[in-house]
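**Student:** Give the three-dimensional model of this entry:
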Amino acid sequence: MLTPPVFDDFESAYLEVIRHITDTYDYRNAPRGNTARECIGLSFQIANPRERLPYLAARKINPVFHFAEALWYMAGRTDLDMIGHYASRMRLSSRDGTTIVGSAYGSRIFNPVGTDTMSPFDRVISLLRNEADSKRGLMPIFTADELALDNNPDMSCVVALHLLARRAQLHMVCYMRANDCDRGLLSDVFSFTMIQELAAVQLGLDVGTYTHHIGSAHIGDRDYDRVRRILAEASTRPEPVQHAFPAMPADTSLATIGDLLMHEERLRNNKAQYTPDDIAGLGFAPYWQQVLLLFEAYRQIRYCEADPVDKRVQNALAPGLRWLMARRWPARISEGSTQ
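**Tutor:** Predicted coordinates for the structure are as follows:
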């Protein structure tokens with residue numbers, strides 16, 4: 001087979017990737033002391049990239065972080081103030097204690113580069129509007145100067161994202177130099193398929209396939225026991241948990257992202273608290289209201305001691321998001337009737 005294996009959704013791809021690395025890895029190695037199992041040259045394709053969340057109790061996905069990181073990318077940001085609030089471990093990769101450079105992929109996609117006055121994202125959108133079947137819609141991320149820093153803690157894992165418009169669909173191909181397949185892979189696919197869908201919305205196209213190519217696909221020994229639990233769960237559960245992920249609203253723009261992040265900042269700094277009715281009155285589509293509900297729930301988890309999250313907020317969350325949140329923070333969010 002010359003093309004990558006195709007999966008209906010990300011969960012199916014994720015399970016096969018970690019199973020493959022666990023059972024048939026190519027190498028055991030420990031670059032910079034990080035012992036891992038590794039496969040060289042691993043690829044897969046997802047037929048429906050909107051289905052970007054795995055529903056696995058043993059993995060305890062954090063949808064708050066996934067949305068925060070995707071929005072951080074789409075805003076072209078590098079600051080630790082925002083992303084470090086949702087993932088404190090990212091501070092370990094900062095060179096100056098205040099910013100992330102190599103891993104801030106969005107800063108290289110959504111900001112102008114060099115003397116250009118347009119961002120690579122805007123350039124590619126313009127190209128695909130005007131050149132049918134173009135192969136040039138590439139957004140480079142990795143830069144050669146990252147190699148010049150000895151022991152660089154913040155080197156980009158992503159080489160480039162490639163957008164291809166074909167037959168009224170927008171496909172994306174991602175090229176990775178390396179991927180931790182039980183950690184980074186989950187957040188990368190979530191964010192990159194969100195960027196793919198944002199681009200599709202700008203172009204008025206349907207979302208096509210998402211293809212992921214990895215040079216070094218690996219799983220660290222620190223996560224090996226969890227991976228075995230995830231695979232055991234997947235092999236013994238009566239049937240997969242299924243919650244359809246909705247389509248991004250057709251009027252979504254980068255201005256929408258900026259408006260969302262104004263409210264995210266207020267919630268992140270505990271300068272506001274929103275009821276579901278407050279959020280519904282802000283003028284966002286229901287799709288984005290769900291994201292603000294997640295940020296409000298997380299505000300309560302962070303700042304309201306051990307109290308359960310307000311039941312009104314819990315009940316307003318979409319069933320799939322509440323399912324994930326109840327497994328990540330079972331003492332703060334109940335599963336309710338959304339199983």
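
**Student:** Start from the N-terminal end of the stretch 201-339 of the chain and give the helices.
**Tutor:** In the stretch 201-339 of the chain, the segments counted as helices under DSSP state H, counting those that start in this stretch are 224-236, 254-268, 276-280, 286-303, 311-316, 319-328.

**Student:** Tell me which of the ones you listed is the most buried.
**Tutor:** helix 319-328 (a mean of 22; mean count of other C-beta atoms under 10 Å). Yep, even glycine has a C-beta here, placed from its N, CA and C like the rest.

**Student:** helices and strands around that helix, which ones?
**Tutor:** Applying 3 or more C-beta pairs under 8 Å, 6 or more residues apart in numbering; DSSP states H and E, one finds that helix 319-328 makes contact with helix 63-74, helix 286-303.

**Student:** ok, and what's touching the longest one?
**Tutor:** Residues from elsewhere that reach helix 286-303 (C-beta atoms under 8 Å, 6 or more residues apart in numbering): 63-64, 67-68, 71, 86, 246-249, 252, 256, 260, 263-264, 267-268, 270, 273-274, 276, 279-280, 282, 284, 307, 309-310, 313-314, 316-318, 321, 325, 329, 332-333.

**Student:** In JSON lines, list the helices and strands packed on helix 319-328 along with mean pLDDT.
**Tutor:** Putting the helices and strands packed on helix 319-328 into JSON lines (pLDDT from 0 to 100) gives the following:
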{"stretch": "helix 63-74", "mean pLDDT": "98"}
{"stretch": "helix 286-303", "mean pLDDT": "98"}
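
**Student:** count of neighbours near residue 197?
**Tutor:** 23 (other C-beta atoms under 10 Å).

**Student:** Quick one: residues in contact with stretch 215-232.
**Tutor:** 15, 17-19, 21-22, 25, 34-42, 56, 58-59, 176-183.

**Student:** Please read the previous query as pertaining to stretch 243-254.
**Tutor:** 50-53, 55, 74-75, 110, 194, 197-198, 201-202, 204, 207, 285, 287-288, 318-320, 323.

**Student:** What subset of those is buried?
**Tutor:** 50-53, 55, 74-75, 110, 194, 197-198, 201-202, 207, 288, 318, 320, 323 (16 or more other C-beta atoms under 10 Å).

**Student:** so residue 264 sits right up against residue 68, yeah?
**Tutor:** Yes - the pair residue 264 / residue 68 is scored as a contact, 7.2 Å apart, by C-beta atoms under 8 Å.
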